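Undergrad: Please find the sequence and the predicted model below.
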Amino acid sequence: MTEPTESDRIRPLEVSDQQSIAIDALVSGATQREAAEKAGVQRTTVTAWCNHNIAFKAERNQRREDRVEAAGERLQETLCAALEHLGERVREGDTGAALAIVKAVGVGHLLNAVKPGPIDPAAVKTELAQRFESEVMVELLTGSEFAGFVQERSDQSAG
């Protein structure tokens, strides 16, 4: 086996350089056509990768998750600073700041947290049936036959 190239060290080996460029473009908000132009491939190739290629989809999802996580960390830092500032104002007796916190946070989530489930036996049965249906669908879609079909489609789109 050959030594990995520099680009292989910054991307998973299953994703080509062209796919990596397309993923970067898509995650940054580009259309499939724009991503294809940047990667030097046809738009239909990017569409096939987006719809069927397992490694491409997994890497795109990972990069999206990384962006969301980074944004969430920045938001958390900002909110902490804002809450500290509001907290200081509330401790100084600023009722306007206290009211602003209550309005921003609301109390609806507190009511939802203590809301019981259905009390009608038929509604309980329906809720359980829906949960069971979801479990059965997951089981069907992750079975070996279906997984083989998905892998075959992914391999066909690897181009």
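TA: All right, it came through fine.

Undergrad: Just give me how far the host helix or strand of residue 58 sits from the chain centre.
TA: Assigned by DSSP states H and E, residue 58 belongs to helix 54-91. Mean-position distance between helix 54-91 and its chain equals 13 Å (CA atoms, centre = their mean, to the nearest Å).

Undergrad: I'd like to know which elements it is packed against.
TA: Under the contact criterion of 3 or more CB pairs under 8 Å, 6 or more residues apart in numbering; DSSP states H and E, helix 54-91 touches helix 17-27, helix 43-52, helix 95-105, helix 144-156. Placement of C-beta: from N, CA and C, glycine included.

Undergrad: deepest of those helices, which one?
TA: helix 17-27 (a mean of 20; mean count of other CB atoms under 10 Å).

Undergrad: Show the average pLDDT along it.
TA: In this model, helix 17-27 has an average pLDDT of 96.

Undergrad: For the helix or strand following that helix, list the C-alpha coordinates in CSV.
TA: Per DSSP H and E, the first helix or strand lying C-terminal to helix 17-27 is helix 32-39. C-alpha atoms of helix 32-39 as CSV (Å, rounded to 0.1, in the frame of the first residue of the first chain):
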residue,chain,number,x,y,z
GLN,A,32,-25.2,20.9,-6.0
ARG,A,33,-24.4,22.7,-9.3
GLU,A,34,-22.0,25.0,-7.6
ALA,A,35,-20.4,22.2,-5.6
ALA,A,36,-20.0,20.2,-8.9
GLU,A,37,-18.3,23.2,-10.5
LYS,A,38,-15.9,23.6,-7.6
ALA,A,39,-15.1,19.8,-7.6
